[in-house]
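> the sequence and its predicted three-dimensional model are supplied below.
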Amino acid sequence: MSYAVVRFIEESNNGDVVVSEVPIGWLSADRKECRWPPNNSKIYITKNRPASDNWPTYPVEVECVCDTLSEAKMKALSCSSDEEGRQRGKGCRAPKPVKVYSPENPRRQGVKAPSLPPLMEDGYVDYFLQKYPVAVPVDDQQGEDEDNNNIYERNLTDLGSGSQTPTNSEILSQPLRSVSKTSRATQTEKTDLGDIDLRSLLHSIIRTQAEHSIALEEIKQTLVKEKQGAEASEVEMVFDFDLPCDSLDSLESLESYVNTHRSQFVKFLQKIGGNDGRDNTCRCLRSIFTNSLGEICSWTGQKSNYPVCNLKIMEFIFDVVHKKFSITRKDFEFYTKEWFRHSRQRRERDDKKKGK
């Protein structure tokens with residue numbers, strides 16, 4: 001597979017020569033024109049795909065012919081005026097400069113905004129006020145307003161000097177200062193942000209943050225109380241019944257008990273678990289029936305046995321197993337019949353293990 005290194009005569013990239021490696025089959029018979037794919041040019045070049053008749057042609061000059069693609073790439077790199085390894089080929093464009101907004105000149109490009117320290121860190125207030133100096137308004141009233149300003153100035157100093165930060169309650173207990181204009185005061189310097197009193201603005205921001213913090217703390221306490229109440233109710237809802245049942249009287253008592261304690265009984269069954277639908281069904285039956293009681297029970301009550309098909313207990317077991325393993329009612333009946341049918345065999349095997 002031969003490749004040619006060509007220079008596109010009518011193409012340029014900011015005055016630089018456009019050079020690219022192309023399969024030799026893309027060139028015309030006189031090697032003065034080259035076909036170029038409208039898209040996916042790198043894939044076509046790498047896989048040496050033949051040129052299509054509907055591709056546009058461009059005038060070129062052949063620099064050299066190479067046997068391999070890697071050799072052609074190296075030759076194209078040496079022939080190109082840009083040797084920084086950027087993407088080559090027809091249509092290559094230099095990246096556009098990133099537009100960065102500048103407060104002094106919105107149309108100005110390439111100027112990054114000055115970096116500010118993280119909010120509420122040590123020295124933030126001092127840095128902010130030095131960067132954007134303002135003239136603090138002075139009212140004719142020297143009474144209550146002056147005291148409020150002194151309180152606020154002290155808190156700002158505490159925040160900026162790294163001393164103990166006032167609590168949210170202390171911040172909210174301070175009188176609210178409105179964001180005022182500095183036109184009433186003698187302005188020594190003018191800020192880029194206008195005539196806004198930045199101290200009052202920062203004070204308003206801090207108060208808002210304190211209000212949000214208190215609201216979040218109240219929400220947190222409410223959630224903790226609800227969680228504690230849910231845990232307490234869960235403790236109260238523990239299923240409390242002597243299982244497994246060893247007699248018909250005990251089974252009927254359980255049937256009456258689950259009618260009023262359905263949720264506790266369902267949670268009890270959900271904790272039993274199993275590897276599959278059969279195993280889960282057998283484990284639930286083993287938790288409720290002893291083998292001795294299982295001998296005198298059956299699904300439909302044949303041979304004078306006690307019928308269990310209409311018990312609420314069996315309905316709850318099916319609901320739990322079906323929800324976990326998606327078994328059908330027919331499968332559940334089959335597993336239940338098999339378990340009761342082998343109750344005598346299991347009881348005899350257990351008796352032998354006990355040495356009776």
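In hand now; what should we look at?
> from here on, just use CA atoms for contacts and neighbour counts.
Fine.
> for this protein, which segments count as strands?
3-13, 16-23, 33-35, 57-66, 297-298, 306-307 (DSSP state E).
> which neighbouring elements make contact with the third one?
This means strand 33-35. strand 57-66 (3 or more Cα pairs under 8 Å, 6 or more residues apart in numbering; DSSP states H and E).
> 10 Å instead?
strand 3-13, strand 16-23, strand 57-66 (3 or more Cα pairs under 10 Å, 6 or more residues apart in numbering; DSSP states H and E).
> in JSON lines: those strands, plus mean pLDDT, distance to S343 and mean neighbour count.
Formatted as JSON lines, these follow (pLDDT from 0 to 100; distance: least, Cα to Cα, whole Å; neighbours: other Cα atoms under 10 Å):
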{"stretch": "strand 3-13", "mean pLDDT": "80", "distance to S343": "83", "mean neighbour count": "20"}
{"stretch": "strand 16-23", "mean pLDDT": "82", "distance to S343": "82", "mean neighbour count": "24"}
{"stretch": "strand 57-66", "mean pLDDT": "88", "distance to S343": "86", "mean neighbour count": "17"}
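> which residues touch stretch 50-58?
8-11, 23-28, 32-38, 44-45, 90 (Cα atoms under 10 Å, 6 or more residues apart in numbering).
> if we can go back for a sec, closest to K73 out of the helices and strands packed on strand 33-35?
Judged by Cα to Cα, the one of the helices and strands packed on strand 33-35 that comes nearest to K73 is strand 16-23, at 6.1 Å.
> the closest one to strand 57-66, inter-axis angle?
Angle, strand 16-23 to strand 57-66, by axes from the mean of the first three to the mean of the last three Cα atoms, to 10 degrees: 70 degrees.
> now for strand 16-23, which elements pack on it?
strand 3-13, strand 33-35, helix 41-46, strand 57-66, helix 69-79.
> so for the shortest one, mean pLDDT?
Average pLDDT, strand 33-35: 89.
> equivalent analysis for the third one, please.
Within the predicted structure, the mean pLDDT of helix 41-46 is 86.
> which strands or helices does it pack on?
strand 16-23, helix 69-79.
> each with direction, which strands does the shortest one pair with?
Yep, that's strand 16-23 we're talking about. strand 3-13 (antiparallel) (DSSP bridges).
> longest single helix anywhere in the chain?
helix 198-236 (DSSP state H).
> okay, buried residues for that helix please.
Buried residues in helix 198-236, counting neighbours by 16 or more other Cα atoms under 10 Å, are found at L198, R199, S200, H203, S204, I206, R207, A210, E211.
> I'd like the mean pLDDT over that helix, please.
80.
> how about the helices and strands packed on strand 16-23 in TSV, adding distance to V19?
Below are the helices and strands packed on strand 16-23 laid out as TSV (distance: least, Cα to Cα, whole Å):
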stretch	distance to V19
strand 3-13	5
strand 33-35	12
helix 41-46	13
strand 57-66	9
helix 69-79	6
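> just to revisit the earlier point, and the contacts of stretch 50-58, which are buried?
8, 11, 23-27, 32-37, 44-45, 90.
> still on that earlier bit, CSV for the helices and strands packed on strand 33-35, including distance to K75?
Below are those laid out as CSV (distance: least, Cα to Cα, whole Å):
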stretch, distance to K75
strand 3-13, 7
strand 16-23, 8
strand 57-66, 8
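> E226: which of those is closest?
The nearest among the helices and strands packed on strand 33-35, by Cα to Cα, is strand 3-13 at 67.2 Å.
> and the nearest residue to S298 once chain neighbours are set aside, how close does it get to P56?
Nearest non-adjacent residue to S298, counting by Cα to Cα, 6 or more residues apart in numbering: P307, 5.4 Å away. Computed as Cα to Cα, to the nearest Å, the P307 to P56 distance reads 86 Å.
> in the stretch 51-200 of the chain, where is pLDDT below threshold?
By pLDDT under 70, the low-scoring segments of the stretch 51-200 of the chain are 80-168, 170-197.
> how many neighbours does the closest residue to V308 other than its chain neighbours have?
Leaving aside its chain neighbours, V308 sits nearest to W299 (5.2 Å; criterion: Cα to Cα, 6+ apart). By the measure other Cα atoms under 10 Å, the count of residues near W299 is 20.
> just the one 4 residues further on next, same as before
By the other Cα under 10 Å criterion, the neighbourhood of K303 contains 9 residues.
> just to check, it is in contact with R341?
No. K303 is beyond contact range of R341, at 11.8 Å (criterion: Cα atoms under 10 Å).
> re the thing from before, now, which of the buried ones among the contacts of stretch 50-58 sits nearest S256?
Checking these against S256 with Cα to Cα, the nearest one is Y44 at 78.4 Å.
> so what's V6 bridging to?
Note on V6: beta-bridge partners S20, V62, judged by DSSP bridges.
> sorry, back to before: which one of the helices and strands packed on strand 33-35 lies nearest to R49?
That would be strand 16-23 among those, by Cα to Cα, at 7.8 Å.
> hang on, the earlier thing: mind putting the helices and strands packed on helix 41-46 in a markdown table, distance to K227 included?
Converted to a markdown table, the helices and strands packed on helix 41-46 look like this (distance: least, Cα to Cα, whole Å):
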| stretch | distance to K227 |
| --- | --- |
| strand 16-23 | 68 |
| helix 69-79 | 67 |
